[in-house]
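> turn this into a model:
(chains A and B)
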Amino acid sequence: MTQTSVRGASTPTHGRPASGHDPLRERLGRLLTGAVGTIAMTLAAVIVLGTILAGQEFLSTSNIAIVGSFVAVPIIVGTFAGFSLLSGVVDLSIGSMVGFSAAAYASLTQAGWGGWSAAAVTLLLCLGFGVLNAVAIVTFNADPIAATLGMLTALRGLCRVLTGGSGAITAFNDQFYEFTNKSFGPLPLLFFISLVVAVLATVVVTKTRLGRHIRAVGGEERAAQRAGMSVARIRYGALMLSAVGAGIGGILYIGQLGGASNTTGMGLEFQVYAALMIGGYSILRGGVGNPSGGVMGLLVVAGVSNLIDLTGVNTYFTNLIVGALLLAAVFLDRLRGGDAYE
Amino acid sequence: MTTTSLQAPPSGRPDGLLRARPDGWGTAVTVALAWLILIAASSLHSSDFFSHQTVLAVTFTMAITGVLAVGESLVALSGGILDLSLPTALVLPAYLTTVLLDHHVPTAAVVLLALLVGALWGALNATIIVFGKLNPIIVTLATNFAGLAALFLIFQAAQTPQASGIRQFGKGYFLGLPNIWWPMVVLIVVVGLLIPRTRYGRRMTAVGGNAGAAKARGISLPRTRYAVFIASGVCGGLAGLIFAASNASFTPNEGAAFLLPVLAAVILAGISLQGGRGNLLLLLLSVGFLSTVPTSLVFFGLNSDWQIVFQGLILIIAVSIDGHRQRSARA
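Next up, the predicted model:
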């Protein structure tokens, strides 16, 4: 429990309120505050709000396709980052990891490397930074938020070093652009691919022994240790997965956008974690949530920012709303049984 | 300010709440050595490094980082973990300062209002933390993100009027060092001396050491949270004033550059994120060391992008040392 100071410093609530005397009310309460209830309510709220504020355009096929291509990379990044949340550590560095990966991939292809070898090297570099995160957090017991905040900054610095004075590298590739912008029916192919990734991850998390172990390490660290699981090994793996997921996201952005800039992925960690928390994950305790819920949460955030684009409001409102959403999600998490801080 | 205060806080505590460990000296010596090695290496690499110019650059950097570090230390010491909203707490009062100066508000009123808006920002954080019973690190992460967005909605760039007294103060020197350096030193020394010697300071430290035990002794946790986050906001207000005084113009983004050096300075000074332990006077060393890094990097030919890389790496190393120390202390 003391592995992450975030949890170590807070006082655990002593059990849930006494159950039994009013089962109906309690069940209703749990339905409203539970993960499924929250996601359904917020998603419905976004759709209703969207149609009111932006009219029919919000639900038009072309707009849904725009949201689909916008949310595809965050779904992949969020699905992988979800593994570290499940195992009880937060990896804030994903936003800059995406930026670094995009810049590294673009630099390598500009230097004449082939697409696949550039991708392989980029992902290896990301994996290395993931290991560095894990060494600090798992081996040296560093606070995950503070340590990965350091990595977030360091990688943004590297991204800026790579993009240089102009602040951008173009790396346009016909085939890659075609692949990442291809449609499959009314929606982008990449969106379906990201959904497949999320579904596979959901199966791993909910149906396999590995998934049970990851959730156990995050939820009941000591019990997991007593049961013979290697907490350290699982957290190492989770932080490495999270880094590689962000690396994949950065490379896919190159396909979508045709280049990297020194702001690629900036603030993405916020959108992703606010979304994952809405979707039932918890930043403050591991073991809860699953990738399918995360996808729903990401759709909520994507819907909100799309709505802001459509209504022509200043885009900084998106950040304002995402910040508020994150706070609301943390509050809900506490109502669902998260630790109360006094 | 020498031996006695650099040592571990005085023994014979009122109670057994604090795990007093005499690690103040060790930390001080380590940081001082690191600082000396950095200075020696930079001087050997380039003989121009050892100059009055460098001293001015370092002391300029120290001023804002040091003031913010005091607020952050109070939060950490009291078990509030971290206040990640410092960038907003800095830029909001700095922006207010420029607006008030534009309207020719008297300097004394500007200073008071800047500190007040910092306090209000801290109170907002504390309100969310106390009434939501939410973890401060997440709350301040979110309020900073939203706060910076709000600042961008209000302004894109701000200018401090050149003729204003505050701007003139920011350009001035006292005893060969920048004016803005001195308030920082006074703040660190005064707060650092008061915390182990006053009842409020000891109570605050007790809450950080063991919140449950402190509560059992009748110390109000909500009131402590309000006090430290407001104090942190006031430090942001002071830092904002210094920032506005020393910069002719700035954008909302520029506050973010201070967050990492501040966190690293607090942790390197041995003020644990777990709360209840640490000596603020050591900030003079850690802030000095970290403020020398950017100047050294320039002499090593690395630009500001590399400085960000180093800032991040230093923070990772600092929190790793802190975490390792925590585990050894428990074992």
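
> from now on I want contacts and neighbour counts done on CA atoms only, so please keep to that.
Fine.

> check the stretch 101-250 of chain B for the residue nearest chain A and tell me.
residue B:146 (4.2 Å; Cα to the nearest Cα).

> which element, helix or strand, includes the closest residue to residue B:57 other than its chain neighbours?
In space, and not counting its chain neighbours, residue B:57 is closest to residue B:295: 7.0 Å by Cα to Cα, 6 or more residues apart in numbering or on different chains. Assigned by DSSP states H and E, residue B:295 belongs to helix B:283-299.

> report the buried residues of stretch A:119-130.
Neighbour-count burial for stretch A:119-130 flags A:119, A:122, A:123, A:125, A:126, A:127, A:129, A:130 (criterion: 16 or more other Cα atoms under 10 Å in any protein chain shown).

> what does the helix holding residue B:295 rub up against?
With contact meaning Cα atoms under 8 Å, 6 or more residues apart in numbering or on different chains, helix B:283-299 is reached by B:28, B:31-32, B:34-35, B:38-39, B:42, B:45-46, B:49, B:54, B:57-59, B:61-62, B:65-66, B:69-70, B:185, B:188, B:261-262, B:264-266, B:268-269, B:303-304, B:307.

> ok, stretch B:202-213 next?
Contacts for stretch B:202-213 (Cα under 8 Å, 6+ apart): A:342, B:17-19, B:76-80, B:195-196, B:214-215, B:219, B:221, B:224, B:274-277.

> the residue in chain B sticking out farthest from the centre and residue B:219, how far apart?
Note on chain B: the largest C-alpha distance from the chain mean falls to residue B:47, namely 31.2 Å (Cα atoms, centre = their mean). Computed as Cα to Cα, to the nearest Å, the residue B:47 to residue B:219 distance reads 55 Å.

> where does the prediction get shaky in the stretch 151-300 of chain B?
Counting by pLDDT under 70, the stretch 151-300 of chain B shows no low-confidence range.

> residues near residue 193, how many?
Chain wasn't specified; assuming chain A. 15 (other Cα atoms under 10 Å in any protein chain shown).

> that answer is for a different chain, and I need it for chain B
18.

> same check on residue A:293?
So residue A:293, with other Cα under 10 Å, has 24 neighbours.

> can you tell me the closest non-neighbouring residue to it?
residue A:279 (4.4 Å).

> roughly how far apart are the residue most central in space within chain A and chain B?
Closest residue to the average C-alpha location of chain A: residue A:78 at 2.6 Å, with Cα atoms, centre = their mean. Residue A:78 sits 18 Å away from chain B, going by Cα to the nearest Cα, to the nearest Å.

> state the helix or strand in which that residue lies.
Using DSSP H and E, residue A:78 falls in helix A:61-86.

> how about the contacts made by residue B:124?
For residue B:124, the contact set (Cα under 8 Å, 6+ apart) is empty.

> any idea of the pLDDT on it?
Listed pLDDT for residue B:124 reads 96.

> for the chain, which segments count as strands?
Since you didn't name a chain, this refers to chain A. A:168-170, A:183-184, A:187-188, A:259-261 (DSSP state E).

> actually chain B
B:158-159, B:173-174, B:177-178, B:249-250.

> could those strands go into JSON lines alongside distance to residue A:192 and mean neighbour count?
JSON lines is the format used below for the strands of chain B (distance: least, Cα to Cα, whole Å; neighbours: other Cα atoms under 10 Å in any protein chain shown):
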{"stretch": "strand B:158-159", "distance to residue A:192": "45", "mean neighbour count": "18"}
{"stretch": "strand B:173-174", "distance to residue A:192": "63", "mean neighbour count": "12"}
{"stretch": "strand B:177-178", "distance to residue A:192": "59", "mean neighbour count": "18"}
{"stretch": "strand B:249-250", "distance to residue A:192": "44", "mean neighbour count": "16"}
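
> turn those into a markdown table, including distance to residue A:286.
Below are the strands of chain B laid out as a markdown table (distance: least, Cα to Cα, whole Å):
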| stretch | distance to residue A:286 |
| --- | --- |
| strand B:158-159 | 43 |
| strand B:173-174 | 52 |
| strand B:177-178 | 48 |
| strand B:249-250 | 40 |
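
> I'd like those as JSON lines, with distance to chain A appended.
Listed next are those as JSON lines, based on distance: least, Cα to the nearest Cα, whole Å:
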{"stretch": "strand B:158-159", "distance to chain A": "18"}
{"stretch": "strand B:173-174", "distance to chain A": "33"}
{"stretch": "strand B:177-178", "distance to chain A": "29"}
{"stretch": "strand B:249-250", "distance to chain A": "18"}
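
> so for residue A:296, which of the ones you listed sits nearest?
strand B:249-250 (39.0 Å; Cα to Cα).

> would you mind measuring from residue B:244 to residue B:80?
28 Å.

> just to revisit the earlier point, surely the residue nearest to residue A:293 and residue A:289 touch.
Yes. Counting by Cα atoms under 8 Å, residue A:289 is a contact partner of residue A:279 at 7.1 Å.

> residue ranges with poor pLDDT in the stretch 1-150 of chain B?
Residues of the stretch 1-150 of chain B that meet the cut-off, pLDDT under 70, sit at B:1-23.

> circling back to that earlier point, would you mind finding the most buried of the strands of chain A?
strand A:259-261 (a mean of 25; mean count of other Cα atoms under 10 Å in any protein chain shown).

> and that strand, which strands flank it?
With DSSP bridges as the test, strand A:259-261 is paired with strand A:168-170 (antiparallel).

> just the helices from the stretch 101-250 of chain A, written as ranges.
Remark: helices assigned in the stretch 101-250 of chain A by DSSP state H, counting those that start in this stretch are A:115-134, A:144-163, A:174-181, A:189-207, A:209-219, A:221-226, A:231-257.

> for the fifth one, what is the average pLDDT?
Per-residue confidence for helix A:209-219 averages out to 91 on the pLDDT scale.

> same check, this time on the longest one
Averaging the model's pLDDT scores along helix A:231-257 yields 95.

> please name the nearest non-neighbouring residue to the residue nearest to the centre of chain A.
Per Cα to Cα, 6+ apart, closest to residue A:78 is residue A:272, 5.7 Å.

> same question, residue B:153
Closest residue to residue B:153 apart from its sequence neighbours, by Cα to Cα, 6+ apart: residue A:316 at 6.5 Å.

> the one you found is in contact with residue B:151, isn't it?
No. In this structure, residue A:316 is not within contact of residue B:151 by Cα under 8 Å, at 9.2 Å.

> run a quick neighbour tally on residue 212.
The chain I'm using is chain A. Residue A:212: 15 neighbours (other Cα under 10 Å).

> that's the wrong chain, I meant chain B
As a burial measure, residue B:212 scores 16 neighbours (other Cα under 10 Å).

> can you check the one 3 residues further on too?
Residues near residue B:215, counting by other Cα under 10 Å, number 14.

> so who does it touch?
B:207, B:221.

> picking up where we left off before, weed out the non-buried ones from the contacts of helix B:283-299.
Buried among the contacts of helix B:283-299 by 16+ other Cα under 10 Å: B:28, B:31-32, B:34-35, B:38-39, B:42, B:49, B:57-59, B:61-62, B:65-66, B:69-70, B:185, B:188, B:261-262, B:264-266, B:268-269, B:307.
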